[in-house]
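Trainee: what's the 3D shape of this:
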Amino acid sequence: MSVHRIASRYAKALLDLSEEEGKLDSILEDIQDFYEVTKNRDFYLMVKSPIINSDKKAKIFDKLFKGKYNKITILFFSIILRKGREMFLPEIAREFILQYKVLNHISTVKLTTAVEIDNNNLEQIKARLLESDITDKKIELITKVDPGIIGGFVMEIGDKLYDASVIHNLNQLKKEFSNNQFVKS
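Mentor: From the prediction side, this is the model:
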């Protein structure tokens, strides 16, 4: 069975249970925090390691998360560890967050600009995106500043990329001029 399928099934099960218990937002916070922890290389390698047994991992999880996370999240981790599926936890966490966003009609938009954008312009961008058919009912806007694009913006919405940066346009012009058949070398 593929990693994506396993992660998707476990994430769906946790999502359904969270929704039933009315603890969806609390569990989302736990899973988002856990997903950030998995970005720590040492923790990630420990979770993925087949050499470290599940009992040792369970003790580490108890020390790190017990009392800090919701009871349902702790029990979920316990079940995953008992089943020997802990190596899929980072993928399960990512999939849980994605399924939560789909359930709540949230589109993630990544906006990269050459300079910082003020809040007024960000609100106008959000309003325009919400009016369009490109996004869902709510928007999670992630901004990034990259002076390397010179000007304009690069916007990622799901699997779509809108590149209206100056550097992209310059590269397009360069490509057109280098392919020009009418100018003799």
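Trainee: who does Lys109 bridge with?
Mentor: Check again: residue 109 is Val, not Lys. Counting by DSSP bridges, Val109 is bridged to Leu141, Ile157.
Trainee: Now the worst-scoring helix or strand of the chain on mean pLDDT: buried residues?
Mentor: Ranked by mean pLDDT, DSSP states H and E, the helix or strand of the chain with the weakest confidence is helix 166-178, at a mean of 89. Going by neighbour count (16 or more other Cβ atoms under 10 Å), the buried part of helix 166-178 is Ile167. Heads up, the C-betas are built off the backbone N, CA and C, glycines and all.
Trainee: List the contacts of it.
Mentor: By Cβ atoms under 8 Å, 6 or more residues apart in numbering, the residues outside helix 166-178 that reach it are 114, 148-152, 154.
Trainee: Mark which of the residues you listed are buried, thanks.
Mentor: By 16+ other Cβ under 10 Å, these give 114, 149, 154 as buried.
Trainee: and the nearest residue to the second one once chain neighbours are set aside, what does it touch?
Mentor: Yep, that's Ile149 we're talking about. Using Cβ to Cβ, 6 or more residues apart in numbering and skipping the chain neighbours, the partner closest in space to Ile149 is Ser165 (3.8 Å). The contact partners of Ser165, taken as Cβ under 8 Å, 6+ apart, are 112, 114, 149-154.
Trainee: can we see that at 7 Å?
Mentor: Ser165 makes contact with 149-154 under the criterion Cβ atoms under 7 Å, 6 or more residues apart in numbering.
Trainee: No further questions, thank you.
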